[in-house]
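Undergrad: Sequence first, predicted coordinates after that:
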Amino acid sequence: MGLSKDPWFRNRLIRDAMYQAVYNRMKVDDSIYIMGEGSHMKIHFDSPQIEKEFPDRFITLPISEDANTNFAVGMALAGVKPIVDVITADFLYRTMDSICNTVAKSNFVSEPKTIVIRAEFLTAGPTTGQRPESLFTHIPGLNVVIPSNPVDARGLMATALEEKGATLFFEDRMIEDATTSREDMLPSGLIYDSIPFGKAKIRRRGHKVTVLSYALTLRMLDVLFAKENLEYELIDLRSIYPVDYKLISESVSRTGALLIVEPDVTYAGVGAEIAAKISEMCFEKLAHPVKRLGAPRITIPASRSLHDLMLPSEKRILEVAEELSK
Amino acid sequence: MNLTELYERMVTIRIVETRLQELCFKGEAGDLHFSKGQEAISVGVCAALRQSDHIVTHHRTIAHEIAKGSALRPLIAEVLGKATGINGGLAGEMHINNPAIRHTFSFQLVGTCVPVATGLAYALRYYKKTDDVVAVFFGDACTSNGQFHEAMNIAKIKRVPLLLVCENNGLAGNVRKEYYLPTETVAERMCGYGIKAETIDGNDVSLVQARTREVVELYVRPESKPLLLEMNTTRLCCHKQGQGDIRSKEEIAKLAERDPLLLTEQKLGITQQQKEKLWSKIEMEFERILQDVQKDAWPTWNPD
């Protein structure tokens, strides 16, 4: 599961799909603004159409992540639906106060407003390769979504722009375009189809083990299970908050086993929460304890040669899945 | 507003806060922060603004809410945590938001109000295309915080109609300014951003009203630019309920000679009898509302 050589050209399909949803909504809703540091540059590269058609509705702000998100809250108080581009997920730590204290809490003590905070995962080293998504699932008042494919990216962004509330929208730039299946590609034209939050998707039907994942590792499993023609039930979470416990518990009740494969550090991660909840919900139906695979609690190193070691190997995943299917 | 009206509003704040403080000590009201001695700023500034102008405030916010024209009943209910409060009892004193009177938001964390107010001012001018302005209130201690400085950068670059009202009481909580303010005044710090700033006496309510009106109508509104008014004032109460005060009784007594209420009474030439009549009218009004509010329901909710 090697990574692409040049991360800049990785995962263009998901980004294009996300921006297509933004573009489609901006055409009919003049309250949608894009803002953030270097947003001008990003739009220029990622979606020049938006720059051309709505020059007044993207706001380039200084490198001041925390004030930028608070600025967006101020705009939301006047009826704007801001998309705050924080660019790299690691930069979210710079704006934790405005996200957790301002965005989430102001939506609680007043009429909730639509705010989308967008960031992407890279793997360039210790502070340009972190995955902070699970932290945000702990904060009341935030939705957290991570699409694994273009169709989901467009549908989830459409929902984020309608949602009365705040959404952390992550793009996983470690996903390789070349592995995108035909049904996950966008149909052409201005199609507007939203995908509700908290609705997971069964990617692959199976009766042996329920395998749960999202984003990068979901894509890895998708490819792997198709290649090996394995009968595991594969579920894409799509939103890690809210979580579709109904669908997961129904699947686990059928298969009797759950393997969670996450692209993040497993310690105190999303998988830990879901494992606990599903163990409570489906205890009688589980033939094995819920298993988790993911990254060790180690800082991501700069050297590319070490990156593949951060995630479980195909071999390890298949071994564990096989054990659970007994 | 004429001076009598300004005085009456300041007295209202003083009485409401004094009575709420007593309720605090009885455990009936939460963690409250008062503006005793600083009332002339909120009252003078809000009187100079249009009704449609917005204010964004910090954690010491009861004064601003009354100054912007809030009805007392929902305010008292909010502070007591009742379902009938401005925000259903969910916000409390430190997060009051009352869009109906354009007290658009208040934020407990020091600094947050400034970038939020900057974004609001930007959206009012360039999205809503109104000529309303935003007045944001903060203390001198707020200028220690990165949020303040990041926001000044944006406010100047983006050309927003923002009046920055610095309530300079020379204290950060219970800490004196030699621990956080590297300059004599806050105003002089603004030259680094190319933002106009001046320092005035924040305990003179007529001056606050008059100067605010001038800078808003001659500069902030027509030019759509930020401007800072540093208002020197005297906080005559402790930082928050149940805390001690770093200052001695003598020092506070000395500051109280510049109590804005006292200064206004002198200017008005109000007699003791007139004063007592006005104060007891407002006190009775407060008691009537309080007894009413105490019968109100507590908020209930479904956490799912």
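TA: Cool, got the structure.

Undergrad: what's the most centrally placed residue in chain B in contact with, if anything?
TA: Residue closest to the mean C-alpha point of chain B, counted by C-alpha atoms, centre = their mean, is residue B:64 at 3.8 Å. Taking C-beta atoms under 8 Å, 6 or more residues apart in numbering or on different chains, we find residue B:64 in contact with B:42, B:46, B:55, B:57, B:103, B:106, B:137. Where C-beta positions appear, they are placed from N, C-alpha and C, glycine not excepted.

Undergrad: Can you tell me which of those residues is nearest residue B:280?
TA: The closest of those to residue B:280 turns out to be residue B:42 (C-beta to C-beta; 23.5 Å).

Undergrad: ok, that closest one - contacts?
TA: B:13, B:35, B:63, B:64, B:66, B:67, B:68, B:137.

Undergrad: Now do the buried residues in stretch A:315-326.
TA: Judged by neighbour count (16 or more other C-beta atoms under 10 Å in any protein chain shown), stretch A:315-326 contains these buried residues: A:317, A:318, A:320, A:321, A:324, A:325.

Undergrad: quick one: which two of the contacts of residue B:64 are the most distant?
TA: Maximum distance among those (C-beta to C-beta): 13.6 Å, for B:46 and B:106.

Undergrad: that's a helix at the residue nearest to the centre of chain B, yeah?
TA: Yes: the assignment for residue B:64, made by DSSP: H, G, I helix; E, B strand; the rest coil, places it in a helix.

Undergrad: Quick check: it vs residue B:268, distance?
TA: Relative to residue B:268, residue B:64 is positioned 23 Å away (C-beta to C-beta, to the nearest Å).

Undergrad: tell me the pLDDT at residue B:28?
TA: In the prediction, the pLDDT value recorded for residue B:28 is 85.

Undergrad: Could you do residue B:72 as well?
TA: 97.

Undergrad: How many residues are close by it?
TA: When counting by other C-beta atoms under 10 Å in any protein chain shown, one arrives at 19 neighbours for residue B:72.

Undergrad: Please report the distance of the residue nearest to it when sequence neighbours are not counted from chain A.
TA: Setting aside the residues directly before and after it, residue B:72 is nearest to residue B:289 in space (C-beta to C-beta, 6 or more residues apart in numbering or on different chains), at 5.6 Å. The span separating residue B:289 from chain A equals 22 Å under the rule C-beta to the nearest C-beta, to the nearest Å.

Undergrad: tell me which residues in the helix or strand encompassing residue B:289 are buried?
TA: With elements taken from DSSP states H and E, the one containing residue B:289 is helix B:272-293. Counting neighbours by 16+ other C-beta under 10 Å, one finds that the buried residues in helix B:272-293 are B:278, B:282, B:286, B:289, B:290, B:293.

Undergrad: Surely the first one is in contact with residue B:12?
TA: By that I understand residue B:278. No: counting by C-beta atoms under 8 Å, no contact exists between residue B:278 and residue B:12, whose distance comes to 9.7 Å.

Undergrad: near chain A, which residues of chain B?
TA: Applying C-beta under 8 Å from any C-beta of the partner chain, one finds that chain B approaches chain A through B:56, B:87, B:90-91, B:95, B:97, B:99, B:104-105, B:107, B:109, B:112, B:115-124, B:126-128, B:146-147, B:150-151, B:153-154, B:157-158.

Undergrad: Let's see which of those end up in strands.
TA: In strands, judged by DSSP state E, the following of the residues of chain B next to chain A are found: B:56, B:104, B:105.

Undergrad: any idea which of these has the most stuff around it?
TA: Counting neighbours by other C-beta under 10 Å, residue B:56 leads those with 30 neighbours.

Undergrad: Quick check, central residue of chain A?
TA: The residue at the geometric middle of chain A, judged as the C-alpha nearest the mean C-alpha position with C-alpha atoms, centre = their mean, is residue A:146 (1.2 Å).

Undergrad: thinking again about what came up before, just name the lowest-scoring one in the contacts of residue B:42, pLDDT-wise.
TA: residue B:35 (94).

Undergrad: Is it correct that it falls within a strand?
TA: No: counting by three-state DSSP, one finds residue B:35 to be coil, located in no strand.

Undergrad: Give me the neighbour count for it.
TA: 28.

Undergrad: Excluding sequence neighbours, find me the nearest residue to it.
TA: residue B:63 is the one closest to residue B:35 (C-beta to C-beta, 6+ apart), at 3.7 Å.

Undergrad: Who are the contact partners of residue B:138?
TA: Counting by C-beta under 8 Å, 6+ apart, residue B:138 touches B:58, B:110, B:111, B:113, B:114, B:148, B:164, B:165, B:166, B:167.

Undergrad: what sits up against stretch A:21-33?
TA: Contacts with stretch A:21-33, where a contact means C-beta under 8 Å, 6+ apart, come from A:34, A:47, A:49-50, A:53-54, A:57-59, A:75, A:79-83, A:153-155, A:157-158, A:161, A:190-192, B:127.

Undergrad: I'd like to know which of these are part of strands.
TA: Using DSSP E to define strands, the subset of the contacts of stretch A:21-33 located there is A:34, A:58, A:59, A:81, A:82, A:83.

Undergrad: gap between the third one and residue A:120?
TA: With the distance defined as C-beta to C-beta, residue A:59 ends up 19 Å from residue A:120.
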